[in-house]
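Chemist: give me a model of this one.
(one chain, ligands or ions: 1)
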Amino acid sequence: MRVISQGEIWADVLGYVRRNISEVEYHTWFAPVKNLGVQEGSLVLGVRNSFAQEWFRKHYLELLEDALRSLGAEHPQVSFQVLPAQQEAMLLPSDPPPPPSGRSQTERSQAAPPADNRKSLNPKYTFENFVVGPNNNLAHAAALAVAESPGKAYNPLFIYGDVGLGKTHLMHAVGHYMAERFPEKRIEYVSTESFTNDLINAIRDDKMTQFRNRYRSVDLLLVDDIQFLAGKERTQEEFFHTFNALYENHKQIILSSDRPPKDIQTLESRLRSRFEWGLITDIQSPEFETRVAILKMNAEHNRIDIPQEVLELIARQVTANIRELEGALMRVVAFASLNNVPFSRAVAAKALSNVFAPQEVKVEMIDVLRQVASHYNMPPDVIRGSGRVREVVVPRQVAQYLIRELTDHSLPEIGQFFGRDHSTVMHAISKVTEMLGKDVELTTAVNILRRKMQGLEDEGLDT
Ligand SMILES: Nc1ncnc2c1ncn2[C@@H]1O[C@H](COP(=O)(O)OP(=O)(O)OP(=O)(O)O)[C@@H](O)[C@H]1O
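Modeler: Modelled structure (predicted):
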């Protein structure tokens, strides 16, 4: 799972900036900037001194605003703060290394795994961060079995599926699991492309022995996108020998591909048959519930409090690819924080409308209840509860009235939502109808709430 954060807004902004200025300019000015986060819709950047602050205001403000606009900010705002000298020192590349922990070298190497054991693994791609659903449960179970008994359960494990569905994540998860339990084991993750490049370099530099030592001495070899072996005869030949060496020594091999071995064209048949020796398992596109669960986990990891119905809207919008799903969540988070508006389905729909086909936001009963509750400044449960004082009864009647007007729900359904029968709802609706135009406060509330439910104007955004 990719972790999204305010840091990622900054990463996106930097990406935009980098595409629009020279490398030298970028390194001189932007590399030392510290991202201080988004505060009340404004991106706050820490710079070294007042000279830099002025320079940014004069030369880069527009560029930064454009970058924020590309992320959905309607009225982009950037502000600069001069960092105190100490904080600035923390930005300099010449940082001294952290003080030694006081333990001896041997103690340290006993306690911690070898430094490079997981160097090729993404720290976020663990089993804990992997949401299991009907689309991937077989691949997940196989990966777990392999992680528990490497070289014994299924060898090789061959995972295939479309882009962005978690193949790399699962492979790395096995690596982390193994690294934790057997810190002395050697783990190597490589894309087929890097394997090919390493081979080409080894041939060119006359370093084939090192190349072979490197790949044939590992305990776990993870090779991504093996379909790219197609048509590369020399690489296939070398991989064949690597495979055999590892296999004979009961070392675990995991391969990923966008298709099963039988569909990889121009793959030598001796390799194809080896790929079929172990277990072949696939990952499909996640269904709705799994997509929501992935978004939820992502939001929780980042301590972003985002209502369930907003996550559901995003999950309806992006169906085929988890990388895109995470990108969509990132867009919504960026959009809400840059425009300084709370998360709502309307805000999410707006944030995604430039990227995906606009979706009509259907108003749900819970949306109306939440808006009414926030308007009257009381918890939704109190409005739905049994209280009979006027302060609660009026909001409850307004909520029932608006639900009837803005959704397709029947009187009995609305009644059920409020734990009452349909005649109570009918009474509430006629009561509000009667008061409209007479009771100024109630009329204003209904008008404001109706507008809020129908569009974004009251959330501070242009529709
Ligand atoms: N089941 C899942 N639970 C949580 N996050 C997931 C899950 N599946 C995929 N992801 C996340 O989706 C993103 C894409 O996954 P990954 O890179 O593993 O896909 P892939 O199938 O290897 O794609 P490609 O074929 O493009 O290499 C990653 O950020 C990953 O963490």
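Chemist: distance of residue 197 from residue 210?
Modeler: Going from residue 197 to residue 210 by CB to CB, to the nearest Å gives 14 Å. (Glycine included, C-beta is placed from N, CA and C.)
Chemist: same deal with residue 297?
Modeler: Taking CB to CB, one finds residue 297 at 41 Å from residue 210.
Chemist: so between those two, which is more surrounded?
Modeler: residue 297 (15 against 12; other CB atoms under 10 Å).
Chemist: state which one residue of the stretch 301-450 of the chain is found closest to the ligand.
Modeler: Nearest residue of the stretch 301-450 of the chain to the ligand (CB to the nearest ligand atom) works out as residue 322 at 3.5 Å.
Chemist: what's the neighbour count on that residue?
Modeler: 26.
Chemist: which ones are touching it?
Modeler: 164, 165, 166, 286, 291, 294 (CB atoms under 8 Å, 6 or more residues apart in numbering).
Chemist: can you list the residues of the stretch 51-200 of the chain near the ligand?
Modeler: Neighbours of the ligand within the stretch 51-200 of the chain, by CB under 6 Å from any ligand atom: 125, 129-131, 136, 161, 163-169.
Chemist: give me the buried subset of these.
Modeler: 125, 129, 130, 131, 136, 161, 164, 165, 166, 167, 168, 169 (16 or more other CB atoms under 10 Å).
Chemist: the residue lying closest to residue 232 once chain neighbours are set aside: what's it in contact with?
Modeler: Leaving aside its sequence neighbours, residue 232 sits nearest to residue 196 (CB to CB, 6 or more residues apart in numbering; 6.1 Å). Contacts here follow CB under 8 Å, 6+ apart; on that basis residue 196 touches 228, 232, 235.
Chemist: what residue in the chain comes nearest to the ligand?
Modeler: residue 166 (2.6 Å).
Chemist: just checking, that residue touches residue 283?
Modeler: Yes - here residue 166 reaches residue 283: they are 5.7 Å apart, a contact under CB atoms under 8 Å.
Chemist: overlap of the contact sets of the two?
Modeler: With CB under 8 Å, 6+ apart, residue 166 and residue 283 have common neighbours 136, 139.
Chemist: roughly how far does the residue nearest in space to the middle of the chain sit from residue 302?
Modeler: Ranked by distance to the mean C-alpha position of the chain (CA atoms, centre = their mean), the top residue is residue 326 at 3.3 Å. For residue 326, the distance to residue 302 equals 11 Å [CB to CB].
Chemist: strands along the stretch 251-400 of the chain, start to end?
Modeler: 252-257, 279-283 (DSSP state E, counting those that start in this stretch).
Chemist: as JSON lines, those with distance to the ligand would be great.
Modeler: Compiled in JSON lines, the strands of the stretch 251-400 of the chain are given as follows (distance: least, CB to the nearest ligand atom, whole Å):
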{"stretch": "strand 252-257", "distance to the ligand": "6"}
{"stretch": "strand 279-283", "distance to the ligand": "7"}
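Chemist: winner for burial among these?
Modeler: Counting by mean count of other CB atoms under 10 Å, strand 252-257 has the highest mean neighbour count of the strands of the stretch 251-400 of the chain, with a mean of 26.
Chemist: who's in contact with residue 333?
Modeler: Residue 333 touches 4, 9, 302, 304, 306, counting by CB under 8 Å, 6+ apart.
Chemist: and the gap between it and residue 288?
Modeler: To residue 288, residue 333 is 21 Å away according to CB to CB.
Chemist: where does pLDDT dip in this structure?
Modeler: Low-confidence segments of the chain (pLDDT under 70): 1-6, 86-116, 357-361, 454-463.
Chemist: repeat that with 50
Modeler: Counting by pLDDT under 50, the chain has low-confidence residues at 1-4, 88-115, 456-460, 462-463.
Chemist: now do the contacts for residue 43.
Modeler: 9, 10, 13, 35, 37, 64, 68, 76, 77, 78, 79, 338.
Chemist: let's have these in a markdown table, adding secondary structure and neighbour count.
Modeler: Formatted as a markdown table, these follow (DSSP: H, G, I helix; E, B strand; the rest coil; neighbours: other CB atoms under 10 Å):
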| residue | secondary structure | neighbour count |
| --- | --- | --- |
| 9 | helix | 24 |
| 10 | helix | 19 |
| 13 | helix | 26 |
| 35 | strand | 16 |
| 37 | strand | 15 |
| 64 | helix | 22 |
| 68 | helix | 25 |
| 76 | coil | 22 |
| 77 | strand | 18 |
| 78 | strand | 20 |
| 79 | strand | 14 |
| 338 | helix | 24 |
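Chemist: surely residue 46 is within a strand?
Modeler: Yes - applying DSSP: H, G, I helix; E, B strand; the rest coil, one finds residue 46 inside a strand.
Chemist: can you name the residues that contact it?
Modeler: 33, 34, 35, 36, 80, 81, 82, 83, 87, 88.
Chemist: buried ones among these?
Modeler: Looks like the contacts of residue 46 have 33, 34, 35, 36, 80, 83, 88 buried, using 16+ other CB under 10 Å.
Chemist: once you drop chain neighbours, what's closest to the third one?
Modeler: Using CB to CB, 6+ apart and skipping the chain neighbours, the partner closest in space to residue 35 is residue 10 (3.9 Å).
Chemist: right, and the one you found touches residue 36 too?
Modeler: No - contact criterion CB under 8 Å: residue 10 and residue 36 do not qualify, at 9.3 Å.
Chemist: picking that back up, tilt between the host helix or strand of the residue nearest to residue 232 and strand 252-257?
Modeler: Taking DSSP states H and E as the definition, one finds residue 196 inside helix 192-204. For helix 192-204 against strand 252-257, the angle by axes from the mean of the first three to the mean of the last three CA atoms, to 10 degrees is 110 degrees.
Chemist: then helix 192-204 to CSV, C-alphas only?
Modeler: Taking Å, rounded to 0.1, in the frame of the first residue of the first chain, the C-alpha atoms of helix 192-204 are listed here in CSV:
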residue,chain,number,x,y,z
THR,A,192,13.5,-8.3,-15.4
GLU,A,193,14.7,-5.1,-17.0
SER,A,194,17.4,-4.6,-14.3
PHE,A,195,18.4,-8.3,-14.6
THR,A,196,18.9,-7.8,-18.3
ASN,A,197,20.9,-4.5,-17.8
ASP,A,198,23.1,-6.1,-15.2
LEU,A,199,23.8,-8.9,-17.5
ILE,A,200,24.6,-6.6,-20.4
ASN,A,201,27.0,-4.6,-18.1
ALA,A,202,28.6,-7.7,-16.8
ILE,A,203,29.3,-9.0,-20.3
ARG,A,204,30.7,-5.6,-21.3
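Chemist: appreciated, that's everything.
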